[in-house]
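In: Sequence plus predicted model, see below.
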Amino acid sequence: MPLKNSQTLKIYNSLTGKKEVFKPINVGHIGMYVCGPTVYSNVHLGNCRTFMSFDMIFRYFKHLGYKVRYVRNITDAGHLVDDAEDGEDKIAKKARLEQLEPMEVVQRYTLDFHSILEKFNFLPPSIEPTATGHIIEQIEIIKEILEKGFAYEINGSVYFNVAKFNETHEYGKLSGRKLEDMIANTRELAAQDEKKNPQDFALWKKAEPEHIMRWPSPWGDGFPGWHLECTAMSTKYLGETFDIHGGGMDLKFPHHECEIAQAEACNGHSPVNYWMHANMLTLNGKKMAKSTGNSILPNEIFSGENSILSKAFSPSAVRFFMMQAHYTSILDISNDALLASEKGFQKLMDAVGNAEKLPTTDKTSSFDVSVWRQQCYDAMNDDFNSPILVAKLFDAVKQINLIKEEKETISKTDKKLLSQTINDFVFDVLGLESKNSIDETGTDKLSGVVELLIQLRKEARENKDFATSDKIRDQLAALGIQLKDGKEGTTFSI
Ligand SMILES: [Zn+2]
């Protein structure tokens, strides 16, 4: 019997504000859509946390035996600077600044995104569609919305008519906003604004002559509004109504609210049964922002090349750190938190290794493995409560260490079940990798060896043995290790 038949899963639905028993539309199958990155810069660590939460959720569904179609898009056009209605396309702006083709920008940062996710041991989604690959589908949806009377065309642009939609539907139901309040709190439309109301949003924008990313449409050359791509791609691959839509908390309004409005206007019914939102990551207690310097990139954490942390941390240690918070809570990253998390991760990995080598008894186990195993499932069944799961895994770590010291006992069957369960949750569900902890030890050893060579080179130079000192520097360089002499001594980078 697949696990999904014996486990009752509850999901916190942002739309209803309640934890609800999860019932998929088609028995045994799940359709899940998560808003992916806008690929105009290196992937943000906070975004990695959001995607990691959904990777864990994807992994747990698969572990339970569901067939999951997981769609995570790539936004490669239409997302304007400051999420605004007017302004430059984020990708086109980067292309202009770096003198690249927009698609070169897209390619560069899509590769970066994939390489970081691979380091974090993400499972690839089932489909990773792009906005530019679905212009035709987006135009079709606009035509449909226009036909149903929920949009209007003006000067080659098409806008969604929020007030009209709100007469028969409820705009703002996901984010808990009322249109009347929104109207009361907005300023008058600027004279140059062609929209009927400030709440209206663009489905299609006319491309000015200097706009490089443009496509022909029934309304002239232009480009789709940012919210539209997700409606087009989720409908195409998951159907008019699907199970789960996820994303970062910051996307709730206006992005997801607009997605709901577009889909309901076009198809006449609600697109999503369960809306899930992952919370943000702060750094040293403050919001991460490049402009204030309170920001760090994933690769800067892995390499240790940053001014915020005292050392490098492996992707698995960082992943383990993130899994220790519930996906709906704000999580703060700091040097101390990562150091503590790394220690815990090593302890867990040691216990995973020891679990298979435990001595067994012919008598009964002193630790009820079946009860503990179900507690692990209960944690995940309660809206994917990974911190409770981690606490349960540490209950097992404690038992493993006691059995190892022969202070507690375990039967042969229980040992097998314990080992299997711990492996399932640590590797399959949480997505941790043991090789990273070994890599980390390897990196520490390598650092020790390079430090030793730096010391020998220093001694050679003090003895005016420049042949030896140059040899050390050149041969390290040939291995890809650069030495840099500075006021404070010699440092190295790999
Ligand atoms: Zn989206």
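Out: Noted; the coordinates are in hand.
In: Helix, strand, or coil at the most centrally placed residue in the chain?
Out: Centroid-nearest residue in the chain: residue 51, 1.6 Å away (criterion: CA atoms, centre = their mean). Secondary structure assignment for residue 51 (DSSP: H, G, I helix; E, B strand; the rest coil): helix.
In: My guess is it contacts residue 121. True?
Out: No - assessed by CB atoms under 8 Å, residue 51 is found out of contact with residue 121, at 12.0 Å. All C-beta spots, glycine's among them, are computed from the backbone N, C-alpha and C.
In: quick one on the thing from earlier: spit out the contact partners of the residue nearest to the centre of the chain.
Out: Residue 51 is in contact with 34, 36, 37, 72, 117, 122, counting by CB atoms under 8 Å, 6 or more residues apart in numbering.
In: now with 7 Å?
Out: 117, 122 (CB atoms under 7 Å, 6 or more residues apart in numbering).
In: What's the per-residue pLDDT of it here?
Out: pLDDT for residue 51: 98.
In: Under the pLDDT cut-off, which ranges of the stretch 351-494 of the chain? List them.
Out: 435-444 (pLDDT under 70).
In: Counting neighbours, what do you get for the closest residue to the ion within the stretch 351-494 of the chain?
Out: For the stretch 351-494 of the chain and the ion, the shortest gap (CB to the ion) falls at residue 384, measuring 20.6 Å. As a burial measure, residue 384 scores 24 neighbours (other CB atoms under 10 Å).
In: Just give the nearest non-adjacent residue to it, would you?
Out: Leaving aside its sequence neighbours, residue 384 sits nearest to residue 57 (CB to CB, 6 or more residues apart in numbering; 5.5 Å).
In: Residue 256 too?
Out: Leaving aside its sequence neighbours, residue 256 is closest to residue 174 (5.6 Å, by CB to CB, 6+ apart).
In: Flag every buried residue along stretch 313-323.
Out: 313, 314, 315, 316, 317, 318, 319, 320, 321, 322, 323 (16 or more other CB atoms under 10 Å).
In: Return the closest of the residues you listed with respect to residue 254.
Out: residue 322 (27.1 Å; CB to CB).
In: The closest one: which element?
Out: helix 315-323 (DSSP states H and E).
In: Same check on residue 483?
Out: Assigned by DSSP H and E, residue 483 falls in strand 482-486.
In: what's the answer for residue 445, then?
Out: Assigned by DSSP H and E, residue 445 belongs to helix 435-462.
In: Just the buried residues of the very next helix or strand once past that helix, please?
Out: Heading C-terminal from helix 435-462, the first helix or strand you meet, by DSSP H and E, is helix 466-478. Neighbour counts over helix 466-478 (16+ other CB under 10 Å) mark 469, 472, 473, 476 as buried.
In: Ok, stretch 338-357 next?
Out: Quick answer for stretch 338-357 (16+ other CB under 10 Å): 338, 339, 341, 342, 344, 345, 348, 349, 351, 352, 355.
In: show me where the stretch 51-200 of the chain has strands.
Out: Applying DSSP state E, counting those that start in this stretch to the stretch 51-200 of the chain gives strands spanning 67-72, 151-154, 157-160.
In: quick one: which of those is nearest residue 414?
Out: Relative to residue 414, the nearest member of those by CB to CB is strand 67-72, separated by 31.1 Å.
In: close to the ion, is that closest one?
Out: No - using CB under 5 Å from the ion, strand 67-72 stays clear of the ion, coming no nearer than 9.7 Å.
In: Centre of the chain to that strand, how far?
Out: 15 Å (CA atoms, centre = their mean, to the nearest Å).
In: Next: stretch 396-416.
Out: For stretch 396-416, the distance to the chain centre is 36 Å (CA atoms, centre = their mean).
In: and this structure, which residues reach the ion?
Out: Proximity of the chain to the ion (CB under 5 Å from the ion) is limited to residues 35, 230.
In: can you list the domains in the chain?
Out: For the chain, automatic domain parsing gives the domain ranges 9-278, 282-433, 436-493.
In: Please tabulate these in TSV and include distance to residue 2 as additional columns.
Out: Output for these, formatted as TSV (distance: least, CB to CB, whole Å):
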stretch	distance to residue 2
domain 9-278	3
domain 282-433	13
domain 436-493	30
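In: can you tell which of the ones you listed is closest to residue 1?
Out: Closest to residue 1 of the domains of the chain, according to CB to CB: domain 9-278, at 9.0 Å.
In: Start and end of the closest one, how far apart?
Out: 18 Å (CA to CA, to the nearest Å).
In: How about stretch 248-265?
Out: End-to-end for stretch 248-265, by CA to CA: 24 Å.
In: List of residues touching that stretch?
Out: By CB under 7 Å, 6+ apart, stretch 248-265 touches 14, 35, 47, 50, 141, 145, 148, 150, 160, 165, 169, 171-172, 174-175, 177, 201, 227-228, 230-231, 235, 247, 270-271, 275, 277-280.
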